[in-house]
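Colleague: Next input, structure requested:
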Amino acid sequence: MSQNLNKYEVIIYWSNDDETFIAEVPELPGCMADGKTYNEAIDNVQVIMAEWIETAIALGRPIPNPKGKLMYA
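Modeller: The predicted structure follows:
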């Protein structure tokens with residue numbers, strides 16, 4: 001499953017309030033991480049994604065298949 005982590009869309013933005021980069025994974029509800037740098041946010045969200053999926057498996061919850069680029073209106 002770890003190879004599929006790179007297939008989920010990750011949205012990264014700067015938070016002025018937190019003074020950090022935020023990385024969110026829209027397809028995995030509540031899955032997000034932060035970092036002092038862009039790359040740190042990416043590294044951190046990779047760990048959180050793996051933990052999100054591991055927890056879902058342990059709880060018997062479905063894991064969404066990566067859909068690629070999402071469309072927002």
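Colleague: Just to be sure, Gly68 is in a helix?
Modeller: No: following the definition DSSP: H, G, I helix; E, B strand; the rest coil, Gly68 is coil and is not counted among the residues of a helix.
Colleague: That one: what's it in contact with?
Modeller: Residues counted as contacts of Gly68 (CB atoms under 8 Å, 6 or more residues apart in numbering) are 7, 9. Where C-beta positions appear, they are placed from N, C-alpha and C, glycine not excepted.
Colleague: Let me know the pLDDT of it.
Modeller: Predicted confidence (pLDDT) for Gly68: 71.
Colleague: Next, work out how far apart it and Gly35 are.
Modeller: As judged by CB to CB, to the nearest Å, Gly68 and Gly35 stand 24 Å apart.
Colleague: Same question for Pro66.
Modeller: Per CB to CB, Pro66 is found 22 Å from Gly35.
Colleague: Name the residue in the two with the higher neighbour count.
Modeller: Here Pro66 and Gly35 are compared on neighbour count by other CB atoms under 10 Å; more neighbours surround Gly35, at 17 against 14.
Colleague: Go ahead and confirm that one touches Ala23.
Modeller: Yes: Gly35 sits in contact with Ala23 when judged by CB atoms under 8 Å, with a separation of 7.2 Å.
Colleague: ok, for the residue nearest the centre of the chain, nearest residue in space, not its chain neighbours?
Modeller: The geometric centre of the chain, computed from its C-alpha atoms, lies nearest to Val25 (CA atoms, centre = their mean), at 3.3 Å. Taking CB to CB, 6 or more residues apart in numbering, and ignoring the residues beside it in sequence, Val25 has Cys31 as its nearest neighbour in space, at 4.1 Å.
Colleague: give the contact list for that neighbour.
Modeller: For Cys31, the set of contacting residues under the criterion of CB under 8 Å, 6+ apart consists of 24-25, 45, 48-49, 52.
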